[in-house]
Structures are given as structure tokens and as C-alpha cells.
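Novice: give me coordinates for this.
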Amino acid sequence: MHVTYLGSAAVVIESADVEILCDPWLLDGAYYGSWAHYPEREFEPEAYNDVDYIYISHVHPDHFHPESLERMDTDIPVLIHDYRWDYLKEAVEDLGFEAVELPHDERTHLDGDTHINVLAADGCDPELCGNFFGCTWYDSEADRTGSTQVDSMAVIDDGEEVVVNTNDCPYPIAEPTCEAITRQYGDVDMLCHQYSAAQFYPQAVTNYTHEEMIAERDRVIQEKHELALNFIDLFEPDYYMPFAGEYVLAGDLADLNEYTANPPRIEAKRFFDEHTADEHECVFLNSGEHIDVTTGERSAPYTPVDQDAKRRYIEEELAPRSFAYESDPEPTIDEFRAYVPLAYEHMEGKRARIGYETDTTVLIPLVDDVCLELSMDGSGFDYTTDLDTDDYEDGWVKMEVDPKLLMRLFEGPHRAYWADAKIGSHVGISKEPDVYERGLYNTLGSFHADGADVQADAGGGATVESD
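Specialist: So this is what the prediction gives:
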């Protein structure tokens, strides 16, 4: 079997019978334009129209990237996990592909001797997901069965060799699933796993000093590397390739690149070489190059990125780019005010379902020096034009977003998702105390006027119609 690295979590796994393209984020511009590749890709999505299958692990844009898939042959079947909800299936089918849902932990024949087994990160155990993430399984009292996690992993084998692709699956939530794989398959020849932080933190925190950002960046890198060692210790693969979550920020966010927890790959290689046994060989490949899993032979030696060239590319090519939302009309305060009651009602429904409550106030600057105050305990919302964070003695979180993107977020998921805007570093976050309340962001993800039609009238006011 061959494994070809394309970039981030995009790899091609090839047996004698089957070629599978995994998580094809192949074009710049994921997460509303902010995520780009470096080095610049030298191939187009159409170059992979001859693969037999596409496997998409989960719905995040650096794994399921509609713009990349729109350039590909829709006759290629797309393999996905059979999630409890059909959001990924429907999104794949909306692009014209056939979405093939594979049940958790069911070895599925593809062709010849090649099989694939797609497993939920939480092992289809909602209790695991809930314990670790306060996840969405508790949205429904009636039905708590089925996979609830947003991630999946895949095992591909040809009867002799086994390749495990864990992509973004988090440790330790994925540990039981990984243990089940080792019991079923035994020896693992090649492991592809995440090693860096595909997240907003710390670069999007607006009230950290430069020194605090650097310290947190380095702490998160160390934490992610150490978590990755668990996968290597558990699978004991002959070869392992740290990948996934690799990106650079573009546009107005390019200045934040020095703070992202995405270390130079050569530094990561030194860490893993130092912390793993010799019988487990760390593999880094340049884009388009492959490893023969049988022999360990590479198509070309790994050449580390020239960091000075990377900085020049960011400054000259990425920083000048604009985001699509920047061409939207500037929203008015009346347009925002029209959305807020519906969005708050929608968010309150989510908060009540999951049983979450906090005294922390969410502050969202709108326009014209107006700031929205959102309670997270059911006591309503308000506006202020004289924001002083010292007034919020029980704690506050401030979310700063370009008003044009904020309007898209208010309009609902058909326009923009809060989670994707946050991961894309479009949301500047400050908070006091400096505690990450996961349930708060989970709840805030539903702050949008779902199913509402909002229009400003000629007199500067606004009208709202709900479906």
C-alpha cells in the first residue's frame, strides 16, 4: 500500500485494487477564507478525479471543503460515517455526490482484497462524548443512541497491511475506539494522526500580551504533541505520519500566524523522533510525495520549509487577500436589532435543552458603538452604548466580529456558523475570568434567527417574518 500526503488531512491511500482520497481540502479559503496552505499547492482538485472513493471524516471545512469538491467528478462515491444526524450526508448530496453511510465498526468491502472500516471517535458511546465535551447528545431526552461525535476515523486494509487514519479524533475520547481497532486488526503498518492545534486559541484572544500569546502557543503545541504520543503508544505502528490541522492564516488575520499552535513540521519531527522508540518511524512527506508502507521507501526525501520564504509568502500573497463577507453591505443597527429577539429565543431553546446556565455575560459589539449584552441564565438581553467590562462582576466574554460577518452569523447556518467563524480566527475573544466555558460556546452556536426573514424598511426600521 502507498500513502500520499497532499496537505493537512488530505492523503491518498492506495492499495493494489483501490485509491481512496481522504478529506480533500485542496484549495485555499476554508473557514470563510482565513485558512490557506503553505507551500502553495501545485495541483488542482481535478487531478484526483481518477480515485475510486473519497472518504470524508467529518463536516469541518478543512476536511469537508465544498469548494474543492465542486471541482471534482460527482461520480466518485463519498464514504462517510453513519452519524446520528444527516448534516454531512445532506451536504455531500447537495454537491451532487452519492453519500455512502458506513455503520460504526463494520469492515466494508471496497474491491479486491481492500476493505474500509469507519468508526466514530466516541465509539458510538454518547456517555463518552457527553463526559468530555458537554456534547449535543443531551439535546434529546428521547433518543440518546447513535454516534454523536463530530469526528470519525478510518481503517483501510488489503488483507495484509493496515493503515489507520485518525485525522482530528481527539485523545482521550477516542481511546476506547483505538483499543477496539488494535484488538480487531493487531499490527498497524501506518498511522496518520493529528499533532497540532486546529483551533482559534491562542491567536484569537484579544486581551493577551505578546508574551502571553507566545507562552500559550508553546504550551498548546507541547500539549498536542504529548497527546499524539498516546496514539503512537497505543497502535505501535511501523510508520506514523503526524498531519491534519496544518494551515496558515490569510487576509487581515495573517498577522496572527506567529501565535497559532502550528509549529514548523521539522520541529515536530524532532519532537517525535526524540520521544518515540526506534521501531516506530516518524514520516514527514512533502506535498504530492508518498511512502510505500511495505518497504518504507519514500518517493522523495522530506525537505523542510524555508521559514523566511514562508514569511514572505504570507506577507506578499496571503495578507493582501480579502474575505468574501467583506464585500457585503455594511449592516445597520436596526438590522441587527431586528434579528436579536429571534436569535435569543433560538439560543434560549438550546440552553434549556442542554440544561446549561452561567452568570457570565456575553458581550457582542454591533455597530455605532452599540454593544449587545446576552445573559446565559435565561434573564434576557440588553444593549449598551457605554461598555465598561468592570460592570460585569460575575464574569464576561467579549466576542468581536466584523459586522458584515456578524450579520451572516445572525442570519443563520445557511450563511455562516459561529463555530467555523471561531475556528477560522474571525472572532476576537476576551474574557474575565480567563476560563473557557465550553457550554457557553456550545449554546452561543444557536444564536441566530433560524428560519426568519428579516428586512429593513425604507424608513430605517426593520420587519421580521418567521417561517
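
Novice: alpha carbons only for contacts and neighbour counts from here, please
Specialist: Will do.

Novice: please state the offset of the longest helix along the chain from the chain centre?
Specialist: In the chain, with assignment by DSSP state H, the single longest helix is helix 210-235. Relative to its chain's centre, helix 210-235 lies at 17 Å (Cα atoms, centre = their mean, to the nearest Å).

Novice: other SSEs contacting that helix?
Specialist: Counting contacts by 3 or more Cα pairs under 8 Å, 6 or more residues apart in numbering; DSSP states H and E, helix 210-235 is packed against helix 175-185, strand 190-194, helix 265-275.

Novice: which other helices and strands does the second one contact?
Specialist: Same thing as strand 190-194. Right, strand 190-194 is packed against strand 162-167, helix 210-235, strand 239-243 by 3+ Cα pairs under 8 Å, 6+ apart.

Novice: what's the last one in contact with?
Specialist: So the one you mean is strand 239-243. The contact list for strand 239-243 (Cα atoms under 8 Å, 6 or more residues apart in numbering) reads 7-9, 167, 189-196, 232, 280-284, 293, 296.

Novice: now do that strand against helix 210-235, angle only.
Specialist: For strand 239-243 against helix 210-235, the angle by axes from the mean of the first three to the mean of the last three Cα atoms, to 10 degrees is 150 degrees.

Novice: same question, the first one
Specialist: With the same axes, to 10 degrees as the criterion, the two stretches strand 162-167 and helix 210-235 enclose an angle of 150 degrees.

Novice: deepest of the helices and strands packed on strand 190-194, which one?
Specialist: With neighbours defined as mean count of other Cα atoms under 10 Å, the helices and strands packed on strand 190-194 peak in mean count at strand 162-167, which reaches a mean of 25.

Novice: with just CA atoms, put that strand into PDB.
Specialist: The C-alpha coordinates for strand 162-167 follow below in PDB (Å, rounded to 0.1, in the frame of the first residue of the first chain):
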ATOM      1  CA  VAL A 162      -3.300  -1.900   7.800                       C
ATOM      2  CA  VAL A 163      -3.400   1.900   7.600                       C
ATOM      3  CA  VAL A 164      -5.200   3.800  10.400                       C
ATOM      4  CA  ASN A 165      -6.300   7.400   9.700                       C
ATOM      5  CA  THR A 166      -7.400   9.100  13.000                       C
ATOM      6  CA  ASN A 167      -7.400  12.700  11.400                       C
END
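
Novice: parallel or antiparallel, list what pairs with that strand.
Specialist: strand 152-157 (antiparallel), strand 190-194 (parallel) (DSSP bridges).

Novice: most tightly packed of the ones you listed?
Specialist: Highest mean neighbour count among the strands paired with strand 162-167 (mean count of other Cα under 10 Å): strand 190-194, with a mean of 27.

Novice: what's the average pLDDT for that strand?
Specialist: Average pLDDT, strand 190-194: 97.

Novice: 490 is where my numbering starts, stick with that
Specialist: Understood, numbering begins at 490; the last thing we discussed is strand 679-683.

Novice: pLDDT at the residue lying closest to His526 once chain neighbours are set aside, what is it?
Specialist: Nearest-residue entry for His526: Tyr736, 5.5 Å, with adjacent residues in sequence omitted and distances by Cα to Cα, 6 or more residues apart in numbering. pLDDT, Tyr736: 98.

Novice: got phi/psi on Tyr736?
Specialist: When read as degrees, to the nearest 10, the backbone of Tyr736 gives phi -160, psi 170.

Novice: that one: neighbour count?
Specialist: Neighbourhood size, Tyr736 [other Cα atoms under 10 Å]: 22.

Novice: that older thread, using JSON lines, lay out the helices and strands packed on strand 679-683 together with distance to Ala693 and mean pLDDT.
Specialist: Below are those laid out as JSON lines (distance: least, Cα to Cα, whole Å; pLDDT from 0 to 100):
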{"stretch": "strand 651-656", "distance to Ala693": "23", "mean pLDDT": "97"}
{"stretch": "helix 699-724", "distance to Ala693": "9", "mean pLDDT": "98"}
{"stretch": "strand 728-732", "distance to Ala693": "22", "mean pLDDT": "98"}
